[in-house]
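A.B. asks: Here is my input; please provide its structure:
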Amino acid sequence: MPDTPKTRAALGVSALALTLWSTTVATATQDISTSIDECAAWAEEPIPARKDQAEVIVKYSEPIGDSLKVSFPDSARIQVIAASKAREPLTATLLLNTTLAVPGTWKVVVRGQANTCTGDVFVGTK
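C.D. replies: Here you go, the predicted model:
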């Protein structure tokens, strides 16, 4: 390949494009692995609205340790009366007051001393 200004410019552009591509691939791979490593939480059934006491099963994907605290955003208007680990691994039983709950999809946070798991739950009927 001849050493001319056009050749050098083409090689520079190619090197820059390769650098940008490899950075993009590395960032995308990091984002995917980060999201895979996060602990997820979910309720397999919709959370019933307008109940003074609704028992709900919430599952989570990773061990959280011995302690358990479950919360929802204040704007969801869901009150956690009690939360306990179920006999089934990676499962919690919740007693909720949903009398004032706002129907829709809300974030749930399941927290223990070893891990915090988050996910979406649906309040209402589907």
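A.B. asks: so which helix or strand takes in Leu70?
C.D. replies: Check again: residue 70 is Val, not Leu. Of the helices and strands defined by DSSP states H and E, Val70 is found in strand 69-71.
A.B. asks: That strand packs against which elements?
C.D. replies: strand 79-85, strand 104-111 (3 or more CB pairs under 8 Å, 6 or more residues apart in numbering; DSSP states H and E). C-beta here means a position set from N, CA and C on the backbone, and glycine is covered the same way.
A.B. asks: tell me the angle of the last one relative to strand 79-85?
C.D. replies: Translated: strand 104-111. Here strand 104-111 points in a direction 50 degrees away from that of strand 79-85 (axes from the mean of the first three to the mean of the last three CA atoms, to 10 degrees).
A.B. asks: Who are the packing partners of strand 104-111?
C.D. replies: Other elements packing on strand 104-111 under the criterion 3+ CB pairs under 8 Å, 6+ apart are strand 39-43, strand 54-60, strand 69-71, strand 116-123.
A.B. asks: Among the ones you listed, which comes closest to Pro103?
C.D. replies: Minimum separation from Pro103 across the helices and strands packed on strand 104-111 (CB to CB) falls at strand 116-123, 5.3 Å.
A.B. asks: Next, the buried residues of the closest one.
C.D. replies: Of the residues in strand 116-123, those scored as buried under the neighbour-count criterion (16 or more other CB atoms under 10 Å) are Thr116, Cys117, Gly119, Val121, Phe122, Val123.
A.B. asks: Pull up the pairing partners for the strand holding Val70, direction included.
C.D. replies: Sheet neighbours of strand 69-71, with direction, are listed as strand 104-111 (antiparallel) (DSSP bridges).
A.B. asks: hey, which helix or strand in the chain has the poorest pLDDT?
C.D. replies: For the chain, counting by mean pLDDT, DSSP states H and E, helix 5-37 ranks last in confidence among helices and strands (a mean of 51).
A.B. asks: give me every residue that touches Thr116.
C.D. replies: The contact partners of Thr116, by CB atoms under 8 Å, 6 or more residues apart in numbering, come to Cys39, Ile64, Val109, Val110.
A.B. asks: Reformat the buried residues of strand 116-123 into TSV and put pLDDT next to each item.
C.D. replies: Shown next, in TSV, are the buried residues of strand 116-123 (pLDDT from 0 to 100):
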residue	pLDDT
Thr116	97
Cys117	98
Gly119	98
Val121	97
Phe122	97
Val123	97
